[in-house]
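[1] Quick one, what's the 3D model for this:
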Amino acid sequence: MLNNNNNHFSFATKASTGVLTSHAKAEVQYLRDFVGFSAGVGLKANPATGFDPIANISAVIGSTIVSLGADIGIDITTRTLNKFSTGLSLNTGFLIASLTLSDGTDSVKASLYRPLNPLTRTAVAAELKHRFSEDATTLTVGAQHALFPFTLLKARINTDGKFSAVLRQNVWQSLYVSIAGEIDLRDSNNTPRIGLSMTLKP
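    Numbers count the residues shown, from 1 in each chain. Okay, the predicted model is just below:
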């Protein structure tokens, strides 16, 4: 790693392992005050051929308030573009918003998050997503509120009729217990799904 004044250059390698390695990647990153760039090459597991070589390029320009970025993935063997996404984001003290184009330009998504009361962590959020191939648009609205200092309730509903909620309790320091549920309001025969999870955050 090389760090020279406001320049930051780094080189990293990464591999995920399980019973078998699923992918490996070597990446170069370059960062300045208002510009970031990364490029990497790697191997992705393919049951038919073993491993496929892939390349990934991403870049971002902007500040802590406004930024614009793009991410491109290329299949080296077939010389085809298998991933493309770009986004514009706004991050202020009273509003967080973003506009992204992804899934190979097939879907566009606009989202916003508005904090209302930092003391109770009360906030509202909305997301509008359109998929061009299906000519389908989904609007999701949600909210969160701390019932108690260590208890947070989140809920959301979308125009597809799906309603979900999660209650998260901070049990001890970095240990969180969550109870979540989801139901499809358009399906009268739908059985609500309920789950319990535990999370340990460093």
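[2] pLDDT weak spots in the chain?
    1-24 (pLDDT under 70).
[3] Swap in 80 and give it another go.
    Applying pLDDT under 80 to the chain flags residues 1-25, 44-51, 188, 190, 202.
[4] Could you pull up the residues touching the residue nearest the centre of the chain?
    With distances taken as C-alpha atoms, centre = their mean, the residue of the chain nearest its centroid is Thr100 (11.2 Å). Neighbour list for Thr100: 85-88, 108-109 [criterion: C-beta atoms under 8 Å, 6 or more residues apart in numbering]. Where you see a C-beta, it was placed from the backbone N, CA and C, and this is true even at glycine.
[5] Write the ChimeraX selection for whichever of those residues are buried.
    Buried residues among these (16 or more other C-beta atoms under 10 Å), as a ChimeraX selection:
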select :85,86,87,108,109
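[6] who touches the helix or strand harbouring Leu153?
    Leu153 is part of strand 151-158 when elements are defined by DSSP states H and E. Contact with strand 151-158 is made by 121, 125, 138-147, 163-170, 185, as judged by C-beta under 8 Å, 6+ apart.
[7] Recalculate using a threshold of 6 Å.
    138, 140, 142, 144-147, 163-169 (C-beta atoms under 6 Å, 6 or more residues apart in numbering).
[8] What of stretch 47-62?
    35-44, 46, 67-74, 76-77.
[9] of the residues you listed, buried ones?
    Using 16+ other C-beta under 10 Å as the burial test, the contacts of stretch 47-62 include 36, 38, 40, 42-43, 67, 69, 71-74 as buried.
[10] does the residue nearest to the centre of the chain have beta-bridge partners, and which?
    Here Thr100 sits in beta bridges with Gly87, Lys109, going by DSSP bridges.
[11] burial of the nearest residue to Ser38 once chain neighbours are set aside, as a residue count?
    The spatial neighbour of Ser38 that comes closest, neighbours along the chain excluded (C-beta to C-beta, 6 or more residues apart in numbering), is Gln29 at 4.5 Å. For Gln29, the neighbour count with other C-beta atoms under 10 Å is 16.
[12] Check Gln144 too.
    Residues near Gln144, counting by other C-beta under 10 Å, number 20.
[13] how many degrees apart are the helix or strand that contains it and strand 151-158 in direction?
    With secondary structure defined by DSSP H and E, Gln144 is part of strand 136-148. Using axes from the mean of the first three to the mean of the last three C-alpha atoms, to 10 degrees, the direction of strand 136-148 lies 160 degrees away from that of strand 151-158.
[14] Mind giving me the packing neighbours of strand 136-148?
    strand 122-131, strand 151-158 (3 or more C-beta pairs under 6 Å, 6 or more residues apart in numbering; DSSP states H and E).
[15] Pull it out as CSV, backbone CA atoms only.
    C-alpha atoms of strand 136-148 as CSV (Å, rounded to 0.1, in the frame of the first residue of the first chain):
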residue,chain,number,x,y,z
ALA,A,136,-43.7,-2.9,-13.6
THR,A,137,-43.4,-0.1,-11.0
THR,A,138,-43.3,-0.6,-7.3
LEU,A,139,-43.6,2.0,-4.6
THR,A,140,-42.4,1.2,-1.1
VAL,A,141,-42.9,3.4,2.0
GLY,A,142,-41.6,2.8,5.4
ALA,A,143,-40.9,4.3,8.8
GLN,A,144,-38.9,3.6,12.0
HIS,A,145,-39.2,4.6,15.6
ALA,A,146,-37.4,3.8,18.8
LEU,A,147,-40.1,2.6,21.3
PHE,A,148,-37.5,2.6,24.0
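[16] That's all I had, so thanks and see you.
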